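**Q** Please work out how this folds:
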Amino acid sequence: MNIKMIITDLDRTLLKTDKTISTYTASVLHRCRKRGIKLVFATARPKRTVAHFLYNTPTDAMILHNGAVIYSGDTLLAHNGIDAIVKDNILQAINRDFPGTTISVEIDNINYANFDMRSEWTYDEGIMSDFSDLPNKPADKIIVGVTSHTDMARFASYLPEDLYIQMCDGKLGLIMHKNATKWAAIQAVSAHFGIPTAEAVAFGDDYNDISMLQNCGVGVAVDNALDEVKDAADCVCGANDRDGVAQWLEANLL
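**A** Predicted coordinates for the structure are as follows:
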């Protein structure tokens with residue numbers, strides 16, 4: 001199998017349920033990189049919540065905020081954000097029309113939220129805000145609390161044509177620029193390294209992973225993935241809590 005680049009989602013894919021990377025998985029990824037295979041994290045997370053993983057599991061590139069931000073080392077390769085004025089208009093409109101909806105926005109690696117973030121994301125914290133005095137900067141993404149795809153659809157009317165909303169974790173609607181997708185980001189990383197996407201393997205579990213699993217050379221869903229993700233994948237590996245990604249890599253690349 002001629003694989004030169006590994007692209008993996010983090011939560012519920014590479015990470016265990018306790019949000020850690022096992023010693024075994026880290027060792028397999030190190031062995032792959034020693035063979036010259038590039039390692040790329042592709043996640044909806046912001047940079048600040050990924051950095052601590054890099055001490056034991058260094059990568060060649062990071063796709064963050066679902067593809068809105070792309071780094072290779074400390075070099076920013078691309079940023080596909082939401083215009084500052086558009087961001088403010090969306091936040092104020094949703095906050096006004098749907099009181100009680102949890103909303104947060106990522107700006108310059110800081111999360112501003114109308115709720116206590118620690119109640120939702122124990123590994124992160126942000127700044128409480130009513131969105132009236134945010135920095136005059138583009139946003140990486142806006143996150144709204146949802147209960148279903150039908151519930152999520154009510155926010156679509158607030159979005160201009162260059163933005164979209166996508167379900168994540170079964171309870172979040174991610175509002176992002178249309179160029180901010182994992183697959184689009186993978187194409188940019190592929191061009192940066194000069195590695196065809198046909199020579200990449202991608203691992204994932206959620207809706208935002210489907211396009212990369214369908215379009216990379218090999219798409220692998222973890223066993224705990226959504227059924228729709230499994231249907232889109234070329235094959236299924238073990239679950240995240242059983243080091244499924246590392247087991248697949250060891251069996252097929254090492």
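
**Q** going forward, measure contacts and count neighbours with C-alpha atoms only.
**A** Will do.

**Q** Output the below-cut-off pLDDT ranges for the stretch 101-250 of the chain.
**A** Along the stretch 101-250 of the chain, the model assigns pLDDT under 70 to residues 118-125.

**Q** ok, now how distant is the nearest residue to residue 60 once chain neighbours are set aside from residue 49?
**A** With Cα to Cα, 6 or more residues apart in numbering as the criterion, residue 60 has its nearest non-adjacent residue at 5.4 Å, and that residue is residue 39. According to Cα to Cα, to the nearest Å, residue 39 stands 18 Å off from residue 49.

**Q** List the contacts of residue 219.
**A** Counting by Cα atoms under 8 Å, 6 or more residues apart in numbering, residue 219 makes contact with 201-203, 212-213, 232-235.

**Q** Compare residue 39 and residue 49 (neighbour count), which wins?
**A** For residue 39 and residue 49, the more surrounded residue by other Cα atoms under 10 Å is residue 39, and the numbers stand at 22 against 12.

**Q** Following element in sequence after the helix or strand encompassing that one, please.
**A** Residue 39 is part of strand 38-42 when elements are defined by DSSP states H and E. Sequence-wise, the next helix or strand downstream of strand 38-42 (DSSP H and E) is strand 61-64.

**Q** Paired strands for that following strand, with orientation please.
**A** Strand 61-64 pairs in its sheet with strand 38-42 (parallel), strand 69-72 (antiparallel), by DSSP bridges.

**Q** what would the ones you listed look like in TSV with mean pLDDT and distance to residue 252?
**A** Converted to TSV, the strands paired with strand 61-64 look like this (pLDDT from 0 to 100; distance: least, Cα to Cα, whole Å):
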stretch	mean pLDDT	distance to residue 252
strand 38-42	98	15
strand 69-72	96	26
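
**Q** Can I get those in JSON lines including distance to residue 197?
**A** Output for these, formatted as JSON lines (distance: least, Cα to Cα, whole Å):
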{"stretch": "strand 38-42", "distance to residue 197": "12"}
{"stretch": "strand 69-72", "distance to residue 197": "16"}
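
**Q** How is the protein divided into domains?
**A** 5-79+180-252, 84-177 (automatic domain parsing).
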